[in-house]
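**Student:** all I have is the shape, not the residue letters:
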């Protein structure tokens, strides 16, 4: 397979590139040159947001292209139109955020989506991803594969969610653990996302697919316990009710990464229907493996995860955590 990777040096793009190389694919990575791509690729440099920024790709032909772009949909539109006729399949890594909120529990790919336009410039994340989908469909029709990923975890994470929990639990002491302990979580290991996507390219799948683990693949308790085992920490988990956390003004998802209190937001994020992807071969590794491999990767880079400049820094400030635990309000 000849694969063109738009990006390919960070998190999802890096996982896709590594997986394709492991299969013996011929991989071309197009990027701005800010990070080193994996060994074994053909690296081409350019800035797709500038006039003539894609010109270095003008002479190539590929079986498929993978595009992880998350900003202005017009950038996806321009790339898709530029590559039409020289690429067999356009794979756009989208998001389950494209569904109109609240999505509710158990809804599949037929659920209503937000409004979007492939001609948009800078818009909110959900509208940007939907516009990117429309751009891929406009240029490639049935040969556009829309990978609607959910929460993504694993090595190379540059958002900081799982790395924050690992480093916090490694420090030990009393740790605010957001309950309920048995609350179901739904996520996708970035390497399982990559494996399914490459399989889908080989199968020439098209259209939208929710890509996340089955609901209840793990729980909040299992996730934090795996972090403690992996880091060798003797942290004392202090489980707190959602009501107490919210009353204290602690922000779900941002200050307590991954966690959302029971309700509409939790159902939208952690109760999605993935039967379509499962029927086409989606495999999800256990949480212990995701946690262990993410910790191992963190150790190779000095323990500090990279941070995407366009995403907020996540995590609970130590003084906020201490004040909450000392209050006894949990």
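**Tutor:** Thanks, I have it. Owing to the predicted nature of the structure, the values given are computational and were not obtained by experimental measurement.
**Student:** list the contacts for the closest residue to residue 145 other than its chain neighbours?
**Tutor:** Closest residue to residue 145 apart from its sequence neighbours, by CB to CB, 6 or more residues apart in numbering: residue 91 at 4.6 Å. Using the backbone N, CA and C atoms, a C-beta is placed for each residue, glycine as well. Shown in contact with residue 91 (CB atoms under 8 Å, 6 or more residues apart in numbering): 64-67, 144-145, 147, 197, 200-201.
**Student:** residue 173 too?
**Tutor:** Contacts of residue 173 (CB under 8 Å, 6+ apart): 235-236.
**Student:** do that again at 10 Å, thanks
**Tutor:** 233-236, 238, 318, 321-322, 325 (CB atoms under 10 Å, 6 or more residues apart in numbering).
**Student:** can I have the buried ones of the contacts of residue 91 as a PyMOL selection?
**Tutor:** What follows is the PyMOL syntax selecting those of the contacts of residue 91 that are buried according to 16 or more other CB atoms under 10 Å:
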select buried, resi 64+65+66+67+144+145+147+197+200+201
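**Student:** wait, which of the contacts of residue 91 is closest to residue 211?
**Tutor:** residue 147 (5.2 Å; CB to CB).
**Student:** and the closest one, how far from residue 277?
**Tutor:** 9 Å (CB to CB, to the nearest Å).
**Student:** which neighbours do those two share?
**Tutor:** In contact with both residue 147 and residue 277: 188, 196, 200, 205, 209-211, using CB under 10 Å, 6+ apart.
**Student:** looks to me like the residue nearest to residue 145 is in a helix.
**Tutor:** No. Assessed by DSSP: H, G, I helix; E, B strand; the rest coil, residue 91 does not belong to a helix; its assignment is strand.
**Student:** beta partners for it?
**Tutor:** With DSSP bridges applied, residue 91 shows beta-bridge pairing to residue 66, residue 145.
**Student:** just the helices from the protein, written as ranges.
**Tutor:** Shown for the chain, the helices assigned by DSSP state H span residues 11-22, 73-83, 125-140, 161-170, 190-203, 220-231, 242-247, 264-270, 275-279, 287-300, 318-327.
**Student:** format those helices as JSON lines; extra columns: distance to residue 114 and mean pLDDT.
**Tutor:** What follows is those, written out as JSON lines (distance: least, CB to CB, whole Å; pLDDT from 0 to 100):
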{"stretch": "helix 11-22", "distance to residue 114": "21", "mean pLDDT": "97"}
{"stretch": "helix 73-83", "distance to residue 114": "12", "mean pLDDT": "98"}
{"stretch": "helix 125-140", "distance to residue 114": "5", "mean pLDDT": "98"}
{"stretch": "helix 161-170", "distance to residue 114": "23", "mean pLDDT": "98"}
{"stretch": "helix 190-203", "distance to residue 114": "22", "mean pLDDT": "98"}
{"stretch": "helix 220-231", "distance to residue 114": "28", "mean pLDDT": "98"}
{"stretch": "helix 242-247", "distance to residue 114": "26", "mean pLDDT": "97"}
{"stretch": "helix 264-270", "distance to residue 114": "12", "mean pLDDT": "92"}
{"stretch": "helix 275-279", "distance to residue 114": "20", "mean pLDDT": "98"}
{"stretch": "helix 287-300", "distance to residue 114": "29", "mean pLDDT": "98"}
{"stretch": "helix 318-327", "distance to residue 114": "33", "mean pLDDT": "97"}
